[in-house]
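Student: can you look at this prediction? I've put the sequence above it.
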Amino acid sequence: MNEINIPKSGFDFLKKLRRNNNRDWFLKNKFLYEENLKSPLQRVIVELEKVLSQKTPGIRFDPKKSIYRINRDVRFSNNKDPYKTNIAASFISYRLNKKDESPGLYLHIEPGNCFIGGGLYMPSGEQIRKIRELINQDPLVFKKIISAPNVKKYFGGLTGKKLKKAPRGTPVNHPNIELLRWTQFTYIKHYEDSAFQKGNLAKIVQKEFSSMMPLVNWLNKAMTLW
């Protein structure tokens, strides 16, 4: 099996960055970030394209554009640390506008917090309205997607926030009330750091990513309702 993964040295870099989160230290050690984190993740993304292209039609695995910048946006945060202490990538099919998040797949690498995800994590109010409309059009389709055997096996079901009460304007006795209370629509699976450090990472997560696609495709359909 090809060794296409995130080496332990990449995790070691993130641990050191956590202790030295300043511009001078990062610039002095940027070559370690490039060699041990960014370049390995780019190779993983290329491999994901090879492994998943037939199972995730439309999803773009772009080694140049999929990876998030390591610089933090500190303009509206009390935490002024300039750098993230993780590296991550997202994979989407298209973006309707720059303001809203797009449904897709996600890979997160962080010491003690490695995971993959899929779906829609922070939908806007308009996106939630579209999702509720599609649920009401055919609730059985949505129920079937989020209760599929592989979904329960890999992720335990749909995760995310739910309203404690009925959405505004929705009767509390609405037949789809439990589905309409969701405000986040995600699957998540956590891994030990060691799982991301050995073997072929793309092949390790391929079944889980494939199992996320019915939800991603359904959410993409909702986004095009109007």
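Tutor: Cool, the structure landed. For clarity, every value in this text was computed on a predicted model and none was experimentally measured.
Student: quick one: contacts for the residue located most distally from the centre of the chain?
Tutor: In the chain, Asn173 marks the outermost C-alpha relative to the chain mean, sitting 33.1 Å out by C-alpha atoms, centre = their mean. Contacts for Asn173 were tallied using C-beta atoms under 8 Å, 6 or more residues apart in numbering; there are none. Where you see a C-beta, it was placed from the backbone N, CA and C, and this is true even at glycine.
Student: likewise for Ile59?
Tutor: Contacts of Ile59 (C-beta under 8 Å, 6+ apart): 52, 91-93, 104-105, 213, 216.
Student: let me know the closest of these to Leu37.
Tutor: Phe91 (17.8 Å; C-beta to C-beta).
Student: who's in contact with that closest one?
Tutor: 48, 56, 59-62, 66, 104-107.
Student: so it, which of the three states?
Tutor: Following DSSP: H, G, I helix; E, B strand; the rest coil, Phe91 is assigned to strand.
Student: gap between the nearest residue to it once chain neighbours are set aside and Ser90?
Tutor: Sequence neighbours aside, Leu105 is the residue nearest to Phe91 in space, at 4.4 Å (criterion: C-beta to C-beta, 6 or more residues apart in numbering). Per C-beta to C-beta, to the nearest Å, Leu105 is found 7 Å from Ser90.
Student: picking that back up, now intersect the contacts of Phe91 with the helices, please.
Tutor: Per DSSP state H, helices hold the following members of the contacts of Phe91: Leu48.
Student: what about Ile45, which SS state?
Tutor: Once three-state DSSP is applied, Ile45 turns out helix.
Student: OK, contacts around it?
Tutor: Ile45 neighbours (C-beta under 8 Å, 6+ apart): 61-63, 66-67, 89.
Student: can you tell me how far it sits from Pro175?
Tutor: Distance from Ile45 to Pro175, by C-beta to C-beta: 42 Å.
Student: what pLDDT is listed against Ser93?
Tutor: Ser93 carries a pLDDT value of 86.
Student: just give me the longest helix of this protein.
Tutor: helix 201-223.
Student: roughly how far out does that one sit from the chain middle?
Tutor: 10 Å (C-alpha atoms, centre = their mean, to the nearest Å).
Student: dump that helix to PDB, keeping only the CA atoms.
Tutor: As requested, the backbone C-alpha atoms of helix 201-223 are provided in PDB (Å, rounded to 0.1, in the frame of the first residue of the first chain):
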ATOM      1  CA  LEU A 201      -5.200   8.000   4.000                       C
ATOM      2  CA  ALA A 202      -7.500   8.400   1.000                       C
ATOM      3  CA  LYS A 203      -8.300   4.600   1.100                       C
ATOM      4  CA  ILE A 204      -8.800   4.700   4.800                       C
ATOM      5  CA  VAL A 205     -11.600   7.300   4.500                       C
ATOM      6  CA  GLN A 206     -13.100   6.400   1.100                       C
ATOM      7  CA  LYS A 207     -16.100   4.400   2.300                       C
ATOM      8  CA  GLU A 208     -17.000   7.000   4.800                       C
ATOM      9  CA  PHE A 209     -16.800   9.900   2.300                       C
ATOM     10  CA  SER A 210     -18.800   7.800  -0.200                       C
ATOM     11  CA  SER A 211     -21.500   7.300   2.400                       C
ATOM     12  CA  MET A 212     -21.800  11.100   2.800                       C
ATOM     13  CA  MET A 213     -22.700  11.700  -0.800                       C
ATOM     14  CA  PRO A 214     -26.500  11.100  -0.700                       C
ATOM     15  CA  LEU A 215     -26.800  13.800   1.900                       C
ATOM     16  CA  VAL A 216     -24.400  16.200   0.000                       C
ATOM     17  CA  ASN A 217     -26.400  15.600  -3.200                       C
ATOM     18  CA  TRP A 218     -29.700  16.100  -1.500                       C
ATOM     19  CA  LEU A 219     -28.500  19.400   0.100                       C
ATOM     20  CA  ASN A 220     -27.200  20.600  -3.300                       C
ATOM     21  CA  LYS A 221     -30.600  19.900  -4.700                       C
ATOM     22  CA  ALA A 222     -32.200  22.000  -1.900                       C
ATOM     23  CA  MET A 223     -29.800  24.900  -2.700                       C
END
